[in-house]
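Q: pasting a predicted model and its sequence here:
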Amino acid sequence: MKPRLLLLLPLLALFACAKPSDNVEPPIEDWVIRSHVVFVEADGVTSRPTPAQPMRLWMPYVVGDLYGSPNAGELVPVTLAPDLSFTLDLNLGHLRLAKALVPTRFSQKWMSIEPAEARIARLSPWVMPADGITPLGLCEWLDADTGERLLLVYLDRPARVRGEIVYEGRSLEFDIEAKEAGFQWIQQPLESGVYKAVPRPARLVLGVMPG
């Protein structure tokens, strides 16, 4: 056997034993999000000064609920460019999300999910100083044209999230229906209204608000 072939054999054996990719193949085009960070006031529209300090993104998940602190890490680091643009490809590492999912237990007891076995996760974006861990504000996905706030939620099967509450004069209803497993964009009403799935906005930004 030729010496060069002998050198290649260990590499071939390594590739043969490699684990299958954790990425979605073929990738789902709608799961690739090209966006940028903006600093805005609480209305989601009015601009405010952008900090001069270097920044970074952190994209962990809240699993088993829509709200609360992240309890699962980010699947793949997302790079923030100097002009504050970024590309979030939800196809990358996605198959690891299934391993991180836990039974759905809403902290808001008036919320429910059908079927009860359905599992949920919310991508929880953060903008941090490059060398720190204190968030630079409250981060929300925003429709750049309207300032409407959005949640990015994953459901592991066809399911429906429901619930109603009157809180501090606001009448809120959850009626989130997923026809299949996947990510859903959910509108968040500022006043009374319905949390429901909506199409991804034509101009989607990650807003950093005071808070």
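A: Yep, it's here.
Q: so which residue is smack in the middle of the chain?
A: Ranked by distance to the mean C-alpha position of the chain (C-alpha atoms, centre = their mean), the top residue is residue 123 at 2.5 Å.
Q: residues contacting it?
A: 59, 61, 90, 152, 153, 154 (C-beta atoms under 8 Å, 6 or more residues apart in numbering). Every residue, glycine included, has its C-beta placed from N, CA and C.
Q: pick out the most distant pair among the residues you listed.
A: 59 and 153 (14.0 Å; C-beta to C-beta).
Q: wait, residue 144 sits on residue 204?
A: Yes: using C-beta atoms under 8 Å, residue 144 is in contact with residue 204, at 6.8 Å.
Q: residue 210 is in contact with residue 140, isn't it?
A: No: assessed by C-beta under 8 Å, residue 210 is found out of contact with residue 140, at 11.7 Å.
Q: wasn't residue 96 part of a helix?
A: Yes: per DSSP: H, G, I helix; E, B strand; the rest coil, residue 96 lies within a helix segment.
Q: ok, it touching residue 75?
A: Yes: at 5.6 Å, residue 96 counts as touching residue 75 under the criterion of C-beta under 8 Å.
Q: of these two, which one has the most company?
A: Neighbour totals were compared for residue 96 and residue 75, and residue 75 leads with 22 against 14 (other C-beta atoms under 10 Å).
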